[in-house]
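> output the structure for:
(one chain, ligands or ions: 1)
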Amino acid sequence: MPPFKEKTVLITGATGNLGKAVACAFDALGTRLVLVGSRFETLDAAYPSLKPHHLKLAADLTDKAAAARVVAEAGQTSGRIDAICAIAGGFHAGKPVHETAPADWDRIMEMNVSTMLNVVSPAIPGMIARKAGKIVTVGANSAAKGAANTGAYIASKSTVMRLTESMSAELRQYAINVNCVLPSTIDTPENRQAMPKADPARWVKPEDLAAVIVFLCSENAVAMHGALVPVVGLS
Ligand SMILES: NC(=O)c1ccc[n+]([C@@H]2O[C@H](COP(=O)([O-])OP(=O)(O)OC[C@H]3O[C@@H](n4cnc5c(N)ncnc54)[C@H](OP(=O)(O)O)[C@@H]3O)[C@@H](O)[C@H]2O)c1
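So this is what the prediction gives:
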């Protein structure tokens, strides 16, 4: 694995299950981390102590201006952002498509699409100027196809996946790699609680998914552009 020591990686969703695993994996490689959560309370709970070269920043990333401030502060403090892992997002089982209220469409699109776009958009001009950068987004393996009562979620993750491909097509000429991981069910405490009869050994461990994300941020993945990478374990 090429060195990450001199690199700055910004991780959204850093307080969540996957974000913590990704932060842990990069920390082990000596990477400088910008850890972004929605609130300082959740950041402090997830990272009660932090090495001095890391940074915690809080913002509601559905707020475009707040997300831009996070990117600006990260860039000023660290000099540059080498990679973004846009992990913030979530799941809501919904109603049938025809019963989904406009506010519910907006909420899930904001949670999964705006949180990604609002962070990557202000960071991309700096990456273009340096002709270098890595962006990893998080779709969902289940979003390959529509399914009952999850239409809004699937639409939001499908949007992330299509935008990843579009950004990749726009940015690969600047040596910026934009790729997406497609997890199936991640082995999280929340999923174990929600699906007590399922076998979590078949799910994806956060640390295994984190290893794929680290790879996509590495120079080993320099030829990968617009890949939607299923990471599904045995599920
Ligand atoms: N879990 C699964 O089985 C599964 C399957 C497929 C895809 N995914 C995707 O994988 C990613 C990580 O999943 P996870 O299980 O690690 O999720 P999680 O534990 O619920 O963490 C979600 C993270 O997103 C952040 N976040 C949510 N809304 C935000 C907002 N408006 N502004 C800033 N941050 C916000 C949360 O921050 P705070 O805690 O600070 O609020 C938290 O860090 C998500 O994109 C999810 O959709 C998960």
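> so where's the chain uncertain?
1-2 (pLDDT under 70).
> for it, which residue gets nearest to the ligand?
Relative to the ligand, the nearest point of the chain is residue 16 (2.0 Å; Cβ to the nearest ligand atom). C-beta coordinates here come from the backbone N, C-alpha and C atoms, glycine included.
> what's the burial count for that residue?
23 (other Cβ atoms under 10 Å).
> just residue 32 next, same as before
23.
> pull the longest strand from the protein.
strand 176-183 (DSSP state E).
> note down every partner strand of that strand and its orientation.
Here strand 176-183 is paired, per DSSP bridges, with strand 133-138 (parallel), strand 228-231 (parallel).
> give me the contact list for the longest helix along the chain.
Scanning the chain for the helix with the most residues, using DSSP state H, yields helix 151-171. Contact partners of helix 151-171, identified using Cβ atoms under 8 Å, 6 or more residues apart in numbering, comprise 89, 91-94, 96-97, 100, 104-105, 108-109, 111-113, 116-117, 120, 124, 127-128, 133, 135, 137-140, 142-143, 145-147, 177-180, 182, 225-226, 228.
> and the most centrally placed residue in the chain, how far is that from residue 79?
In the chain, the centroid-proximal residue (Cα atoms, centre = their mean) is residue 87; its distance is 1.9 Å. Look at residue 87 and residue 79: by Cβ to Cβ, to the nearest Å, they are 23 Å apart.
> about what we covered before: any idea which of the strands paired with strand 176-183 is most buried?
Mean neighbours per residue, mean count of other Cβ atoms under 10 Å, is largest over the strands paired with strand 176-183 for strand 133-138, with a mean of 26.
> angle of the host helix or strand of residue 23 against strand 176-183?
Residue 23 is part of helix 17-28 when elements are defined by DSSP states H and E. Helix 17-28 runs at 130 degrees relative to strand 176-183, counting by axes from the mean of the first three to the mean of the last three Cα atoms, to 10 degrees.
> enumerate the residues of the chain near the ligand.
13-19, 37-39, 42, 60-62, 87-91, 111, 115, 138, 140, 183, 185-186, 188, 191 (Cβ under 6 Å from any ligand atom).
> so of those residues, which ones are in helices?
Using DSSP H, the residues of the chain next to the ligand in helices are 17-19, 42, 115, 191.
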